[in-house]
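Visitor: Using only what follows, build the 3D model:
(2 chains)
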Amino acid sequence: QKEVEQNSGPLSVPEGAIASLNCTYSDRGSQSFFWYRQYSGKSPELIMFIYSNGDKEDGRFTAQLNKASQYVSLLIRDSQPSDSATYLCAVNRPGGYNKLIFGAGTRLAVHP
Amino acid sequence: GAGVSQSPSNKVTEKGKDVELRCDPISGHTALYWYRQSLGQGLEFLIYFQGNSAPDKSGLPSDRFSAERTGGSVSTLTIQRTQQEDSAVYLCASSTTGLGQETQYFGPGTRLLVL
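Guide: As a prediction, this is how the structure comes out:
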């Protein structure tokens, strides 16, 4: 079992719809969770982070964390073609320094 | 600097040659990380620096890979006797202290192709 798992996709959604991206992790001690967006040929850029159970909203983006189920998700409302990218879930490995373990990413395609 | 910078942006080399990849982190960031991303894959952790020391080298795939950091700033990742399987994008990231729940900021990466 991989430490951080994501569906590779592609996840295809129509413009204006809600895109739901999911991630599960294996280490129950993980404390912080990050979503990065990576356009093709570009480096990852941080979209959101979440530390506490529940929802965290930032504009069109909502991160959801359920530590009991070891599950974190990212919702993108009113999806736009410019949201088409690969979304990487990263989980902090507890203990010591801030070591991030990345999932393989989910490719999102928003079509007009 | 404004962000993490890396050089070169692209590197093509022949199998068996050595290559050096450079990373210049955000000014004042003491933590620096190297990752590798193969085509269509996620990020694979290579090494972590806190200042000039590397307390975690667990991700280096073989002894052909080494890295150093000088002056608490610039880092160099060296790959000796490159192999075709070393072809990947090498990404560098930095964060403020490396502790707690910090955001890591990524550079643009170096695309390495070993022929």
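Visitor: Surely B:Glu85 is in a helix?
Guide: Yes. The assignment for B:Glu85 (DSSP: H, G, I helix; E, B strand; the rest coil) places it in a helix.
Visitor: For it, which residues are in contact?
Guide: By CB atoms under 8 Å, 6 or more residues apart in numbering or on different chains, the contact set of B:Glu85 is B:Val114. C-beta: built from backbone N, CA, C; applies to glycine.
Visitor: and if you look at the one 5 residues further on?
Guide: B:Tyr90 makes contact with B:6, B:21, B:34-37, B:46, B:77, B:109-110, B:112 under the criterion CB under 8 Å, 6+ apart.
Visitor: Same question for B:Trp34.
Guide: B:Trp34 touches B:23, B:45-47, B:59, B:67, B:75, B:77, B:90-92, counting by CB under 8 Å, 6+ apart.
Visitor: Which member of those residues is positioned nearest chain A?
Guide: Here the nearest of those to chain A, counting by CB to the nearest CB, is B:Leu91; it sits at 5.9 Å.
Visitor: beta partners for the closest one?
Guide: For B:Leu91, the beta-bridge partners under DSSP bridges are B:Tyr35.
Visitor: B:Phe106 is in contact with that one, correct?
Guide: Yes. Checked against CB atoms under 8 Å, the pair B:Leu91 and B:Phe106 is within contact range at 5.6 Å.
Visitor: quick revisit: of the contacts of B:Trp34, which is the nearest to A:Tyr39?
Guide: Using CB to CB, B:Leu91 is the member of the contacts of B:Trp34 that sits closest to A:Tyr39, with 13.8 Å.
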